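>>> Predicted model and sequence below, questions to follow.
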Amino acid sequence: MNKFEQLGLSESLQRAIIDLGFENPTEVQEKAIPLLLEQETDLVALAQTGTGKTAAFGFPLIQKIDANNRNTQALILSPTRELCLQITNEIKLYSKYEKGINVVAVYGGASISEQAREVKRGAQIIVATPGRMQDMINRGFVNISEINYCILDEADEMLNMGFYEDIVSILSTTPDEKSTWLFSATMPQEVARIAKKFMHEPQEITVGAKNSGSATVSHEFYLVNARDRYEALKRLADANPDIFSVVFCRTKRDTQAVAEKLIEDGYNAAALHGDLSQAQRDSVMKSFRGRQIQMLVATDVAARGIDVDNITHVVNYQLPDEIETYNHRSGRTGRAGKLGTSIVIVTKSELRKISAIERIIKQKFEEKTIPSGIEICEIQLLHLATKIKDTEVDHEIDNYLPAINEVLEGLSKEELIKKMVSVEFNRFINYYKKTRDLSSQSSGSERRDDREPRENTSGATRFFVNIGSRDNFDWMQLKDFLRDTLELGREDVYKVDVKEGFSFFNTDIEHTDKVMDVLNGMQLEGRKINVEISKNDGGGRRDHNGRSSGGFRGERSSGPRGGGSFGPRKEGGAPRSDRREGGFRPRTESGSSERPARRSDDSRSERPAGRSFEAAKNRRPRRS
């Protein structure tokens, strides 16, 4: 017996459920559907992404709609175009045996006049993104003043994307006596504020603990040096030959750069970010759903609304600025009761974020080490053997067997197996046999006193930053934080001078734009970082060797500048806000007038990354 029959749904809806192949309702469906059918009530439902929330509100909504009334009776708000279209398609599938119910999707990037005509022809249910819906209301294209139901799907996502004012304005246009159903993965303050302002004594459903992660997702982190982040990503992909994943980066530039490197190195990868046209985005998502792409590299904003089944891994190439966002990322895998893995590639300066995430998701991370080259070769060898064993034989090959047997005549079974496997396997063993261990190491010999100026500072930029010792940084910790955040080499951040509430540091001039783009607007424990260029170069008297005459001289690191990074180095970091906070300009403790120089451009836009790849000798063997 189908358990949906016990929830009180109509016969026509149950027929649609059978056609869809649904057998057992998920927990949120089991709790929400009977409640919404039996009562006219407001509802707050907290459940992770991928738990079946669309059906939880879709089935009772369809049953309550009056198909004979052509006026708009329900509005569903969702954060992205993709999710808007997905909900629309699912509602249409649910209502396939309901005569006269029309559902219209209203979203940006398509003709607003055509959407207005569809609504005018009669749409009992409108599924919309907040921005386009507000535009439709302002132009008088829709009337939601008499709707009976308003559903906010992925409410926390909409508010994270900055739609608070639009949602408040839209809800203010709706009648007070309607029923409001709010579905969300987490319950941040903004969502609670919406619920308090527009809902009356709502019922509450919680699937799992509040704000907790899904029980079907395991969480792992890998500690690496910042310069090894990309090489670590490749190794994790090679250690999981059947990986089907979303790889998250913080910025559009990083997303494009990482995707380009992966493609160059032979992986089935693509980028998904806001600079893509809608046609490009649709093409990428079509290829990803068809599994022609194994690694989709995406920003958080671009990935919102992605609903693709059977994603095996979510890879946090960089952790998000807002740690609550991690819950949404990990929710892309482990859906429909299947197991998934959320991986974090983390540097030492980010380790404290792991503990903060654990508190939010109420689950523990397992610390693992990046697989060695030998381990990866072993995994790939067994995977290849399994793939050969499971391959179905196409008997069209039979006509060619006599010629093939003639070529292979004289080879024993063992020799034949070795040669066959070596065709694919030799590329991996040749690539990995000389690679080094990527496990993050910490030793005093790697540290260098960056208060000591380099021999040549004429090509350096001096920066002021509004963090210091009161943020629990000494000069070494701040240097590590900056180096890891900016993903620069060991000696690329130097002459670090930490004061109580602010600090100064140098980088080579070539890194100036990167420092300004990455750090400005980034949040450190809830406070925005502000970076400006200082007029003072921070230099001092030097001896004939170029050393500072008045500073502590630490140990220099051995080897070439920046260390022996294997694999392409990427640019990275957090996106900066559109508006920078004005920074204060204190004098240094010594009384010098080191002041940040004014910038002529306070709204430096994110530039797309150009192609920059390592020499062919450092490339991973291409997959056939």
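Okay, I see it. Residues are numbered from 1 along each chain as shown.

>>> Dihedrals phi and psi, the residue nearest to residue 429 when sequence neighbours are not counted?
Taking CB to CB, 6 or more residues apart in numbering, and ignoring the residues beside it in sequence, residue 429 has residue 377 as its nearest neighbour in space, at 5.2 Å. No exception for glycine: its C-beta is placed from N, CA and C like everyone else's. Backbone torsions for residue 377, taken as degrees, to the nearest 10, come to phi -60, psi -40.

>>> Kindly report the same for the one 3 residues further on.
In terms of degrees, to the nearest 10, the main-chain angles of residue 380 are phi -70, psi -40.

>>> count of residues packed around the residue nearest to it when sequence neighbours are not counted?
Here the nearest residue to residue 380 in space, its sequence neighbours aside, is residue 428; by CB to CB, 6+ apart that works out to 5.0 Å. The burial metric for residue 428, expressed as a neighbour count using other CB atoms under 10 Å, is 20.

>>> other SSEs contacting whichever strand or helix holds residue 428?
In the assignment (DSSP states H and E), residue 428 maps to helix 413-432. Helix 413-432 is packed against helix 373-390, with contacts defined by 3 or more CB pairs under 8 Å, 6 or more residues apart in numbering; DSSP states H and E.

>>> Report the mean per-residue pLDDT for the helix it packs on.
Averaged across helix 373-390, the pLDDT comes to 84.

>>> For it, list every residue counted as buried.
For helix 373-390, the neighbour count (16 or more other CB atoms under 10 Å) marks 373, 376-377, 379-381, 383-384 as buried.

>>> Please convert these to TSV, extending it with distance to residue 146.
As requested, the buried residues of helix 373-390 are arranged in TSV below (distance: CB to CB, whole Å):
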residue	distance to residue 146
373	66
376	62
377	67
379	61
380	62
381	66
383	59
384	63
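
>>> So what does the residue positioned nearest the centre of the chain have for phi and psi?
Within the chain, the residue whose C-alpha comes closest to the C-alpha centroid is residue 248; the distance, by CA atoms, centre = their mean, is 3.3 Å. Dihedral pair for residue 248: phi -100, psi 130, per degrees, to the nearest 10.

>>> can you check residue 314 too?
Main-chain dihedrals, residue 314, degrees, to the nearest 10: phi -110, psi 130.

>>> Let me know how buried it is, in neighbour terms.
The burial count for residue 314: 25, using other CB under 10 Å.

>>> Report the distance from the host helix or strand of residue 59 to the chain centre.
Secondary-structure assignment from DSSP H and E places residue 59 in helix 53-64. Here the centre of mass of C-alpha atoms in helix 53-64, compared against the chain's by CA atoms, centre = their mean, to the nearest Å, lies 29 Å away.

>>> cool, and stretch 185-200?
A distance of 24 Å separates the C-alpha centroid of stretch 185-200 from that of its chain, computed with CA atoms, centre = their mean.

>>> Buried residues, it. List them.
The neighbour-count check on stretch 185-200 (16+ other CB under 10 Å) flags 185-187, 190-191, 194-195, 198-199 as buried.

>>> Farthest-apart pair in those residues, please.
For the buried residues of stretch 185-200, the farthest-apart pair by CB to CB is 185 and 198; their separation is 19.4 Å.

>>> Okay, helices next: where are they in the stretch 301-450 of the chain?
Counting by DSSP state H, counting those that start in this stretch, the stretch 301-450 of the chain forms helices over residues 325-330, 351-361, 373-390, 401-407, 413-432, given from the N-terminal end onward.

>>> Residue 53: which of those is closest?
Counting by CB to CB, and looking across all of the helices of the stretch 301-450 of the chain, nearest comes helix 325-330 at 13.2 Å.

>>> any idea of the mean pLDDT for the closest one?
Averaging pLDDT along helix 325-330 gives 84.

>>> give me phi/psi at residue 494?
Comment: the main-chain dihedrals of residue 494 come out as phi -150, psi 170, following degrees, to the nearest 10.

>>> Check residue 108 too.
Dihedral angles of residue 108 (phi, psi; degrees, to the nearest 10) stand at phi -70, psi 160.

>>> same thing with residue 269?
phi -130, psi 160.

>>> And residue 525, by the same measure?
Backbone torsions of residue 525, given as degrees, to the nearest 10, read phi 50, psi 50.

>>> any idea how far residue 329 is from it?
In this structure, residue 525 lies at 20 Å from residue 329, with CB to CB, to the nearest Å as the measure.

>>> between those two, which one's more packed in?
The neighbour count for residue 525 versus residue 329, taken as other CB under 10 Å, is higher for residue 329 (21 against 10).

>>> That one and residue 316 touch, don't they?
Yes: using CB atoms under 8 Å, residue 329 is in contact with residue 316, at 6.3 Å.

>>> Please enumerate the shared neighbours of these two.
248, 342 (CB atoms under 8 Å, 6 or more residues apart in numbering).

>>> which parts of the strand or helix carrying residue 478 are buried?
When secondary structure is defined using DSSP H and E, the element that contains residue 478 is helix 475-486. Buried residues in helix 475-486, counting neighbours by 16+ other CB under 10 Å, are found at 475, 477-486.

>>> And stretch 187-205, end to end?
12 Å (CA to CA, to the nearest Å).

>>> ok so, going back, could you pull up the residues touching the residue nearest to the centre of the chain?
With contacts defined as CB under 8 Å, 6+ apart, the neighbours of residue 248 are 298-300, 303, 314-318, 320, 329.

>>> Generate a ChimeraX selection restricted to the buried entries among the residues you listed.
Restricted to the buried members of the contacts of residue 248, where burial is judged by 16+ other CB under 10 Å, the ChimeraX selection command reads as follows:
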select :298,299,300,303,314,315,316,317,318,320,329
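
>>> Among the contacts of residue 248, name the ones in strands.
When DSSP state E is applied, those are split such that 298, 314-316 fall in strands.

>>> Out of the contacts of residue 248, show me where the pLDDT dips lowest.
Looking at these, model confidence by pLDDT dips furthest at residue 303: 80.

>>> so it touches residue 274, yeah?
No: under the criterion of CB under 8 Å, residue 303 lies out of contact with residue 274, with a separation of 10.9 Å.

>>> just for this structure, where's the confidence low?
Of all residues in the chain, those with pLDDT under 70 make up the ranges 1-2, 208-214, 305, 336-337, 434, 439-458, 536-624.
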